[in-house]
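Asker: Below is the sequence, then the predicted model.
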Amino acid sequence: MLPVKKISKSRTRSRRAHNALKPVNYSICSKCSTSKLPHAACGNCGYVNPKITLDFSHEDKE
């Protein structure tokens, strides 16, 4: 079936106005100064906060 009435460009574009991508805000790791996502562990050194440090070593321990 075909649409009964044409949808104007302004109506289509105003409907899609909220579909734009939002920029990602990065923060800087206080230990190694690389960029990381806020409230997440650093991918380079594993630093989260002074009490917690995650181990990212991928070595096989046998």
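Answerer: Happy to help now that I have it.
Asker: ok so T12 is a helix residue?
Answerer: Yes. Under DSSP: H, G, I helix; E, B strand; the rest coil, T12 sits within a helix.
Asker: got a list of what it touches?
Answerer: With CB atoms under 8 Å, 6 or more residues apart in numbering as the criterion, no residue contacts T12. All C-beta atoms are positioned from the backbone trio N, CA, C, and that covers glycine.
Asker: how far away is it from Y47?
Answerer: T12 sits 46 Å away from Y47, going by CB to CB, to the nearest Å.
Asker: Please apply the same query to S35.
Answerer: S35 is 13 Å from Y47, by CB to CB.
Asker: For the residue nearest the centre of the chain, which non-adjacent residue is spatially closest?
Answerer: The residue lying closest to the centre of the chain (CA atoms, centre = their mean) is V24, at 5.4 Å. Of all residues not flanking V24 in the chain, L37 sits nearest, at 7.4 Å (CB to CB, 6 or more residues apart in numbering).
Asker: Quick check: that neighbour touching I28?
Answerer: No. L37 is beyond contact range of I28, at 11.2 Å (criterion: CB atoms under 8 Å).
Asker: Can you pull out the low-pLDDT segments for the protein?
Answerer: 52-62 (pLDDT under 70).
Asker: and stretch 25-33, which residues are buried?
Answerer: By neighbour count, and taking 16 or more other CB atoms under 10 Å as the criterion, the buried residues in stretch 25-33 are C29.
Asker: so how far is it from its chain's centroid?
Answerer: Its chain's C-alpha centre and that of stretch 25-33 lie 15 Å apart, by CA atoms, centre = their mean, to the nearest Å.
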